[in-house]
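Novice: give me a model of this one.
(one chain, ligands or ions: 1)
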Amino acid sequence: MSEFDKPLEECGIIGVFAPNEDVARMAFFGLYALQHRGQEAAGIAVSDGRTMRLHKEVGLVAQVFHPEHLAQLEGHYAIGHTRYSTTGSSNRRNAQPFMVETFHGPLAVAHNGNLVNASELRQQVLQRGVGLSSSSDSEVMTMMLAGAEGDTWEERIQNTMPYWHGAYSLVILTRSQVFAVRDPWGFRPLSVGRLPSGGHAAASETGALRTLGCDEIREVKPGEIVTLSNTVLRFRQGLPPQPNLARCIFEHIYFSRPDSFWDGLRVHQVRQRLGEELAREAPTEADVVVPVPDSSLPAAIGYARASGIPYNEGFTKNRYIARTFIQPTDSLRKQGIALKFNALEENLRGQRVIMIDDSIVRGNTAGPLVKLVRGAGAREVHVRITCPPIAHPCYMGVDMGTYDEMIAHKHTLDEIRDYIGADSLHFLSVEGMMRALGRREGYCNACFSGVYPIEIDRAHVKTGFEKAIAG
Ligand code: SF4
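Specialist: Modelled structure (predicted):
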């Protein structure tokens with residue numbers, strides 16, 4: 001789908017332990033492979049066993065890091081982060097990793113996810129007299145770790161995990177260790193693998209680990225703490241996995257790279273099956289199936305295969321319009337669609353078109369896309385969406401917007417169809433989505449169902465921290 005009307009992931013994280021290697025450059029390439037997960041800021045922290053150094057800035061990975069920055073980040077241990085803001089607004093002070101000096105030496109943390117009890121934890125940290133420089137829940141987590149009880153960093157991490165409610169996949173850097181940690185619900189992905197040099201790396205997606213040449217890739221289990229080292233990984237169950245595991249289903253629908261592998265499933269294959277299920281649920285007479293590039297491409301292939309209707313491309317997408325220059329406000333999202341897509345008229349003229357997209361949030365880009373297809377001479381446009389209607393906000397680290405902003409929360413299917421100007425509209429059912437996954441449970445689908453896997457304080461909003469600061 002167009003990134004102007006999509007749920008926004010907030011982060012990609014990377015951790016590397018590779019003695020005698022250029023770990024900063026490895027972290028840089030890892031972040032490059034995770035750029036799709038966040039385009040507003042990037043940072044890398046490196047330790048050489050004595051000193052920890054950090055560079056972070058607002059911008060895309062390639063804009064933030066120049067060769068001279070990487071040259072200064074010498075060491076054996078590195079963590080990195082690429083960010084879209086979920087907690088706190090988009091500014092430099094919220095860029096990650098967060099780095100602090102502690103009684104036990106330097107500490108840096110990079111976080112993917114969102115704590116649902118972050119406001120409460122923030123108050124507790126402030127009441128202890130600890131100062132904070134940002135509005136991010138990740139800084140609160142960093143400060144909690146800095147003051148945690150325990151003889152080792154593994155113990156300190158384990159002792160702090162019970163206080164954190166919500167989504168967290170973390171990479172943690174100390175003077176001479178890198179840790180990968182995942183919440184006990186398993187909301188956000190995190191995997192580890194062995195580098196060709198013999199060291200190890202951790203990353204939000206297996207695609208980034210493959211970029212670094214990793215093999216022996218495995219998921220960090222929900223509730224697990226993995227210590228990266230030169231020879232073998234050390235595993236410790238920090239908290240028992242929750243009985244109601246809640247992997248974010250949107251990783252499969254939209255966020256993750258198609259080559260990534262999560263929960264034993266290849267994302268590309270799942271997306272093809274989402275398209276096949278959609279074709280079974282909503283068969284339609286038509287001449288051509290076209291995807292909204294890029295994420296809907298496998299689903300369109302699946303739809304075409306299951307329906308017998310030919311697949312073809314309907315749009316050309318300009319992949320080089322960086323979101324950095326298109327601030328995520330509603331008015332600019334609306335403008336952005338014209339900058340991003342052109343119709344391939346020869347493939348659409350006179351055709352009855354099935355347009356496959358992965359989701360509709362606000363509904364402000366499906367309409368312009370339908371118009372583009374009609375403008376290219378299509379006779380009919382049938383819109384098929386590879387997930388159910390998004391009708392509830394996410395509090396676990398994905399920016400879905402508020403209830404007021406969600407078109408499916410306020411409008412019926414027919415109203416949405418009329419609003420976007422389609423001849424017909426169908427959203428995949430929850431059952432169809434789970435069939436495509438081949439799973440009955442273990443996933444969060446709260447943004448569709450409104451049933452949250454964890455107790456939510458509804459007052460917690462994206463910029464709640466900043467309001468607390470202002471107030
Ligand atoms: Fe993912 Fe939706 Fe659950 Fe958020 S509410 S974690 S976006 S499935």
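Novice: near the ligand, which residues of the stretch 251-400 of the chain?
Specialist: By CB under 6 Å from any ligand atom, the residues of the stretch 251-400 of the chain that approach the ligand are 394, 396, 398. Yep, even glycine has a C-beta here, placed from its N, CA and C like the rest.
Novice: need those in JSON lines (columns: pLDDT and secondary structure).
Specialist: Converted to JSON lines, these look like this (pLDDT from 0 to 100; DSSP: H, G, I helix; E, B strand; the rest coil):
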{"residue": "394", "pLDDT": "93", "secondary structure": "coil"}
{"residue": "396", "pLDDT": "92", "secondary structure": "coil"}
{"residue": "398", "pLDDT": "87", "secondary structure": "strand"}
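Novice: mind putting those into TSV with neighbour count and distance to residue 221?
Specialist: Shown next, in TSV, are those (neighbours: other CB atoms under 10 Å; distance: CB to CB, whole Å):
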residue	neighbour count	distance to residue 221
394	23	23
396	26	18
398	26	22
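Novice: possible to save the residues you listed as CSV with distance to residue 368?
Specialist: Converted to CSV, those look like this (distance: CB to CB, whole Å):
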residue, distance to residue 368
394, 25
396, 30
398, 23
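Novice: now do the contacts for residue 49.
Specialist: By CB atoms under 8 Å, 6 or more residues apart in numbering, the contact list for residue 49 reads 75, 76, 77, 175, 176.
Novice: tell me the pLDDT of it.
Specialist: pLDDT for residue 49: 93.
Novice: tell me the one among the contacts of residue 49 nearest to the ligand.
Specialist: Distance to the ligand across those (CB to the nearest ligand atom) is lowest for residue 77, with 30.0 Å.
Novice: tally up the residues packed near that closest one, please.
Specialist: 26 (other CB atoms under 10 Å).
Novice: quick check: closest non-adjacent residue to it.
Specialist: Sequence neighbours aside, residue 47 is the residue nearest to residue 77 in space, at 4.5 Å (criterion: CB to CB, 6 or more residues apart in numbering).
Novice: which residues does the one you found form a beta bridge with?
Specialist: Beta-bridge partners for residue 47, by DSSP bridges, are residue 52, residue 77.
Novice: residue contacts, it?
Specialist: 53, 75, 76, 77, 78, 106, 108, 173, 174, 175, 176.
Novice: reformat those residues as a markdown table; add pLDDT.
Specialist: Listed next are the contacts of residue 47 as a markdown table, based on pLDDT from 0 to 100:
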| residue | pLDDT |
| --- | --- |
| 53 | 97 |
| 75 | 95 |
| 76 | 94 |
| 77 | 97 |
| 78 | 98 |
| 106 | 98 |
| 108 | 98 |
| 173 | 98 |
| 174 | 97 |
| 175 | 96 |
| 176 | 94 |
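Novice: make a ChimeraX selection of the buried ones in those residues.
Specialist: To isolate the buried members of the contacts of residue 47 in ChimeraX, using 16 or more other CB atoms under 10 Å:
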select :53,75,76,77,78,106,108,173,174,175,176
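Novice: make TSV out of the contacts of residue 47 and add distance to residue 40.
Specialist: Listed next are the contacts of residue 47 as TSV, based on distance: CB to CB, whole Å:
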residue	distance to residue 40
53	22
75	26
76	29
77	25
78	21
106	25
108	19
173	21
174	27
175	29
176	31
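Novice: and the contacts of residue 47, which is closest to residue 372?
Specialist: Proximity of the contacts of residue 47 to residue 372 was ranked by CB to CB; the top entry is residue 78 with 43.3 Å.
Novice: what's the burial count for residue 350?
Specialist: 9.
Novice: what about it, which SS state?
Specialist: Using DSSP: H, G, I helix; E, B strand; the rest coil, the structure places residue 350 in coil.
Novice: which one's the longest helix in this structure?
Specialist: Counting residues, the longest helix in the chain under DSSP state H turns out to be helix 267-281.
Novice: other SSEs contacting that helix?
Specialist: Packing partners of helix 267-281 (3 or more CB pairs under 8 Å, 6 or more residues apart in numbering; DSSP states H and E): helix 297-307, helix 430-437.
Novice: mind giving me JSON lines with those helices and columns for mean neighbour count?
Specialist: As requested, the helices and strands packed on helix 267-281 are exported to JSON lines (neighbours: other CB atoms under 10 Å):
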{"stretch": "helix 297-307", "mean neighbour count": "24"}
{"stretch": "helix 430-437", "mean neighbour count": "19"}
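Novice: of these, which is nearest residue 454?
Specialist: Of all these, helix 430-437 sits nearest to residue 454, with 18.9 Å by CB to CB.
Novice: got the domain boundaries for the chain?
Specialist: Listed by automatic domain parsing, the domain ranges of the chain are 11-246, 266-449.
Novice: okay, the ones you listed, which one's buried deepest?
Specialist: The highest average neighbour count among those, using mean count of other CB atoms under 10 Å, belongs to domain 11-246 at a mean of 21.
Novice: circling back to that earlier point, near the ligand too, which of the contacts of residue 49?
Specialist: Among the contacts of residue 49, the ligand is touched by none when using CB under 6 Å from any ligand atom.
Novice: make JSON lines from these and add distance to residue 407 to it.
Specialist: Shown next, in JSON lines, are these (distance: CB to CB, whole Å):
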{"residue": "75", "distance to residue 407": "48"}
{"residue": "76", "distance to residue 407": "50"}
{"residue": "77", "distance to residue 407": "46"}
{"residue": "175", "distance to residue 407": "50"}
{"residue": "176", "distance to residue 407": "51"}
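Novice: out of these, who's nearest residue 145?
Specialist: residue 175 (13.9 Å).
Novice: and the closest one, backbone torsions?
Specialist: The phi and psi values for residue 175, taken as degrees, to the nearest 10, are phi -60, psi -40.
Novice: how about residue 127?
Specialist: phi -60, psi -30.
Novice: now do the contacts for residue 144.
Specialist: Applying CB under 8 Å, 6+ apart to residue 144 gives the contacts 121, 125, 160, 163, 164.
Novice: which SS class is it?
Specialist: Relying on three-state DSSP, one would call residue 144 helix.
Novice: for the residue of the chain most remote from its centre, which residues are in contact?
Specialist: The C-alpha centroid of the chain is most remote from residue 350, which lies 38.2 Å away (CA atoms, centre = their mean). For residue 350, the contacting residues are 377, 378, 379, by CB under 8 Å, 6+ apart.
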